[in-house]
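Peer 1: coordinates for the following, if possible.
(one chain, ligands or ions: 2)
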Amino acid sequence: MTIPTLAAKLLPGLLNLPISQAEWFMSVKIAPSILSADFARLGEEVRALDAAGADFIHIDVMDGHFVPNLTIGPVVVKALRHHSKKPFDVHLMVTPPDAYIESFVAAGADIVTIHVEAGPHLDRSLQLIRSLGRKAGVSLNPATDEQTLAYVLDRVDLILVMSVNPGFGGQVFIPNALDKIARIRAMIGPRNIELEVDGGVDPANAHALVKAGASVLVAGSAVFRSPDYAANIAALR
Ligand code: DX5
Ligand code: ZN
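Peer 2: Numbers count the residues shown, from 1 in each chain. Ligands and ions are numbered 1, 2, ... in the order given. You can find the predicted model right below:
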């Protein structure tokens, strides 16, 4: 039995929780965003996150058009691929996304997430990701209504709720993301869909986010704020 599994078995008694709820808390996935890494040592940083217990490596792709910033292209994703076997969670802040999906898959993306607001044919774009054998994710900006997800729930493996306006790390968490997560968790029902939250996540709001229904926490500043990435990741669980 692994230590996390053992802890999940013991915690319910200690915290007076039903087993399923304790296991749920223990099983939250942490996806550090390399946007806050040292870009001069990116391979080394990805190896350090892997060793520190990251569940996914979150890669923020910005096009200077959908968002006012430019970051990483497929060439960099490909260069990073051999530094970790953990799933590469590629967040495309790119409009329109379709022309780039195949190159990010070829570069080594395991999950490709596109924005509802980034193109007119969301259903087609999501089908394209799955047709390439990868997990399809859909993301919502803070001011986008979750009802836009209603017709694609059976096309997605992951829903990414933005809790800041995308474009930069280190922004302040927008609190209405909490209720939005709870509403989306109810929409998901029994479907096997990860519910990820991105932006301003830190140890102070992590538990409330998981309680609301999030299953994956993205964190940039909170993971890179000090050199002990393992402790910073553990503080979010
Ligand atoms: C913002 C990005 C986030 C960002 C999170 O557009 O999508 O992934 O890196 O950074 P923090 O955790 O610092 O808000
Ligand atoms: Zn992101």
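Peer 1: who does the helix or strand harbouring Leu160 pair up with?
Peer 2: Under the criterion of DSSP states H and E, Leu160 resides in strand 158-162. Sheet pairing for strand 158-162, assigned by DSSP bridges, gives strand 135-140 (parallel), strand 194-198 (parallel).
Peer 1: is the closest residue to ligand 2 within the chain bridged to anything, and to what?
Peer 2: Closest to ligand 2 within the chain is His91: 3.8 Å, counting by CB to the ion. Quick note: C-beta positions are derived from backbone N, CA and C, even for glycine. With DSSP bridges applied, His91 shows beta-bridge pairing to Asp60, Thr113.
Peer 1: returning to what we had before: tell me the buried residues in the strand holding Leu160?
Peer 2: Of the residues in strand 158-162, those buried under the neighbour-count criterion (16 or more other CB atoms under 10 Å) are 158-162.
Peer 1: next SSE downstream of that strand?
Peer 2: Using DSSP H and E, the helix or strand that follows strand 158-162 towards the C-terminus is helix 177-188.
Peer 1: for that next one, packing partners?
Peer 2: Counting contacts by 3 or more CB pairs under 8 Å, 6 or more residues apart in numbering; DSSP states H and E, helix 177-188 packs against strand 158-162, strand 194-198, helix 206-212.
Peer 1: got those as TSV, with mean pLDDT and distance to Ser139 columns?
Peer 2: Formatted as TSV, the helices and strands packed on helix 177-188 follow (pLDDT from 0 to 100; distance: least, CB to CB, whole Å):
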stretch	mean pLDDT	distance to Ser139
strand 158-162	99	4
strand 194-198	99	8
helix 206-212	98	16
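Peer 1: nearest to Met187, of these?
Peer 2: Nearest to Met187, of all the helices and strands packed on helix 177-188, is strand 158-162, at 8.8 Å by CB to CB.
Peer 1: chain center to that closest one: distance?
Peer 2: The chain centroid and the centroid of strand 158-162 are separated by 7 Å under CA atoms, centre = their mean, to the nearest Å.
Peer 1: again with stretch 103-111
Peer 2: Mean C-alpha position of stretch 103-111 versus that of the full chain (CA atoms, centre = their mean) differs by 15 Å.
Peer 1: who's in contact with that stretch?
Peer 2: Outside stretch 103-111, the residues within contact range by CB atoms under 8 Å, 6 or more residues apart in numbering are 56, 59, 61, 74-75, 77-78, 80-81, 87-90, 92, 112, 129, 132-137, 157-158.
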